[in-house]
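Novice: this one's structure only:
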């Protein structure tokens, strides 16, 4: 007997015109009239499924409570075929697959006297009860129907195009695209959302990527060029034990701001290769060859002459990308290369080695680890086991403003070892624990930091006085409803417990974040709203030896603004069909240093805290205080779902008002309009 209760709703078929269609027919339903065939199909399918389905032991032991949706079809030959199951349990997926395999062959559905394939959805409500077979069911949400020819063409294209969706490759991390994935993970139980980027197979457990993208395919494109522009990768090779795709992409944009610049532009030619070998090895490589001229305040940032920022033997630093050399008279040439190899030995573990970016956090910003700095060499291990997700990241970072001790022509190297443990305390509450250690030297990373389960703070302390730097942190996430999540971070760089009563002590170096996400906000489908507050005390993430700060390539590894600030953010995103749009407003206050002075007020993490302004009376936004207001809106139109190519237009307003003029950041109001075509592969932050 079945021990649990399944709530079953079979959707109306998702793809066909409703003129003359007949549902699939079980043998027991033969002879019934057309209207009765539908109900007979639902009833008989329910009977077969529940008579065979056995709840896996692990699901019973863990007392799983939730809905698992199985999408299946009846083929043109009359065979049942499982398409997709959104479940955190591989055991449920295998059991559902087994059940459909024992279904009998039946008479397929017909449309205009032709046999057709019909798709249905089966929501399974856990725990399952014994009387499920007697429950009266009826069809639910009807999906938009399409012509038979379009459906066949879209299915063919999707099956041969979206190979990465079943892979262990990273889903390119952009805040805009990750809203859907995070919503799916948020609604499910036993998930972890902080460690990014996600992998395709990780997302596919909860979100049907292929079904979502397939609706954007254009089957009427019959030419080679039409398919490459709207539907497919430039090149795709698929064999029995390996596959790879090649794309030549662009980030081409032009714009104008309210400065004396004639116009702004960016011209990136991008080569992107992805693939898998066997079931365990994945690879990805992306090369960007770029030239650009940006809005006035960004150009001033790039050419900032400060010794703590400007790369040696270089003309500047493009935020988030890397060194630049001059191009023509007032533009920048900045190549970037990213790549990684991934090894996935089993369903619980993955190892990656590459050059790129990682992000840990649930917010738009992160103090723990963000993706605002240039790509760096990293080794990552991620383990998913029961209620735990454990992420280890080792980074080989570079500081281009500091010369290597052994070779003045070589940039100094630093090494960061970080681990993050995410624990699902309950179905609603998740807590995370973070620790990182920063070291430097000519001998590379200390072998002790390669131990994935050691406490770095103790190891760093025993290596020698001020031989490194350690930071600890705590995160929290609470599922308020199926549509609302609350999240937070607390990072402690240093804290003077002996002077706890005086919070103006300079040794109180910490930062915190509070935020909320609202999916399908105000009952509007695909409307997303996010509110976030960030605050960092002066001198947080800095060190008396700048090489040991929490940074990479002259930018923070945490929040883009460094330290000595507060910031409030409001973000709204909405999408409909191929169109999407976003609006963002940032209001904040930050304390800067004064030009030409060596005194540090704690905002620049690349200044030594030995040059601090004092030991007491330390307040957030002290020094050369600047009020910052940023607002931007952006609209996107999806061109090719295979490589995330979009047409976009954006308009931003920035008001920067310091007490005293800063050479690296123009005061006043900056308005910048830009439009173009780009592949959506990474986050690019200009909101500083």
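Specialist: Ah, there it is. What you see is a predicted model; the values in this text were computed from it and never measured. Numbering: from 1, shown residues only.
Novice: tell me the mean pLDDT for stretch 245-252?
Specialist: What stretch 245-252 shows for mean pLDDT is 96.
Novice: what lies in contact with that stretch?
Specialist: The contact list for stretch 245-252, computed with CB atoms under 8 Å, 6 or more residues apart in numbering, reads 163-164, 233-237, 266-275, 288, 290, 642-643, 645, 676-679, 681. Bear in mind the C-beta positions are built from the backbone N, C-alpha and C, glycine included.
Novice: endpoints of stretch 83-93, how far apart?
Specialist: One end of stretch 83-93 to the other measures 11 Å (CA to CA, to the nearest Å).
Novice: can you pull the buried residues of that stretch?
Specialist: Neighbour counts using 16 or more other CB atoms under 10 Å place 84-89, 92-93 of stretch 83-93 among the buried residues.
Novice: go on, stretch 622-641?
Specialist: 622-626, 628, 630-632, 634, 636, 638-641.
Novice: and which of the residues you listed is nearest to residue 192?
Specialist: Here the nearest of the buried residues of stretch 622-641 to residue 192, counting by CB to CB, is residue 641; it sits at 26.5 Å.
Novice: buried among the contacts of stretch 245-252? Make that a PyMOL selection.
Specialist: Selecting the buried subset of the contacts of stretch 245-252 in PyMOL, with 16+ other CB under 10 Å as the burial test, is done by:
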select buried, resi 163+164+233+236+266+267+268+270+272+273+274+275+288+290+642+643+645+676+678+679+681
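Novice: quick one: name whatever helix or strand follows the worst-scoring helix or strand of the chain on mean pLDDT.
Specialist: Ranked by mean pLDDT, DSSP states H and E, the weakest helix or strand in the chain is helix 148-161, scoring a mean of 58. Per DSSP states H and E, the first helix or strand lying C-terminal to helix 148-161 is helix 175-187.
Novice: give me the below-cutoff pLDDT ranges for the stretch 451-600 of the chain.
Specialist: Across the stretch 451-600 of the chain, the ranges flagged by pLDDT under 70 are 465, 498.
Novice: and the stretch 101-250 of the chain, by the same measure?
Specialist: For the stretch 101-250 of the chain, the stretches flagged by pLDDT under 70 are 112, 130-160.
Novice: and the strands in it?
Specialist: Ranges of strands in the stretch 101-250 of the chain, per DSSP state E, counting those that start in this stretch, are 109-111, 114-116, 118-126, 195-196, 235-238, 242-257.
Novice: can you say which of those strands is nearest to residue 414?
Specialist: Distances from residue 414 to each of the strands of the stretch 101-250 of the chain were compared using CB to CB; the minimum, 22.3 Å, belongs to strand 195-196.
Novice: for the closest one, packing partners?
Specialist: The contact analysis (3 or more CB pairs under 8 Å, 6 or more residues apart in numbering; DSSP states H and E) places strand 195-196 against strand 359-360.
Novice: so what's the model's average confidence on the strand it packs on?
Specialist: pLDDT averaged over strand 359-360 gives 98.
Novice: what are the buried residues along the longest helix along the chain?
Specialist: Of all segments of type helix in the chain, defined using DSSP state H, the longest is helix 34-52. Within helix 34-52, the residues scored as buried using 16+ other CB under 10 Å are 37-46, 48-50.
Novice: could you give the angle of it to strand 118-126?
Specialist: Counting by axes from the mean of the first three to the mean of the last three CA atoms, to 10 degrees, helix 34-52 lies at 40 degrees to strand 118-126.
Novice: state the mean pLDDT of helix 34-52.
Specialist: Average pLDDT, helix 34-52: 84.
Novice: which elements pack onto that helix?
Specialist: Identification of packing neighbours for helix 34-52 by 3+ CB pairs under 8 Å, 6+ apart yields no helix or strand.
Novice: now the residue lying farthest from the centre of the chain: how far from residue 443?
Specialist: Distance from the C-alpha centroid of the chain peaks at residue 31, with 52.9 Å (CA atoms, centre = their mean). Between residue 31 and residue 443 the computed distance is 83 Å (CB to CB, to the nearest Å).
Novice: so how many other residues sit close to residue 427?
Specialist: Residues within reach of residue 427, counting by other CB atoms under 10 Å, total 13.
Novice: no wait, residue 492
Specialist: Close neighbours of residue 492, defined as other CB under 10 Å, add up to 16.
Novice: from the contact counts, what lies against the helix or strand it falls within?
Specialist: Using DSSP H and E, residue 492 falls within strand 484-494. In terms of contacts (3+ CB pairs under 8 Å, 6+ apart), strand 484-494 is packed against strand 468-479, strand 509-518.
Novice: okay if I get the ones you listed as a markdown table plus mean neighbour count and distance to residue 333?
Specialist: Converted to a markdown table, those look like this (neighbours: other CB atoms under 10 Å; distance: least, CB to CB, whole Å):
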| stretch | mean neighbour count | distance to residue 333 |
| --- | --- | --- |
| strand 468-479 | 21 | 34 |
| strand 509-518 | 21 | 35 |
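Novice: reformat these as CSV; add distance to residue 649.
Specialist: Shown next, in CSV, are the helices and strands packed on strand 484-494 (distance: least, CB to CB, whole Å):
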stretch, distance to residue 649
strand 468-479, 34
strand 509-518, 26
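Novice: how many neighbouring residues does the residue nearest to residue 473 when sequence neighbours are not counted have?
Specialist: Counting by CB to CB, 6 or more residues apart in numbering, the nearest residue to residue 473 once its immediate chain neighbours are dropped is residue 434, at 3.7 Å. Using other CB under 10 Å, residue 434 is surrounded by 24 other residues.
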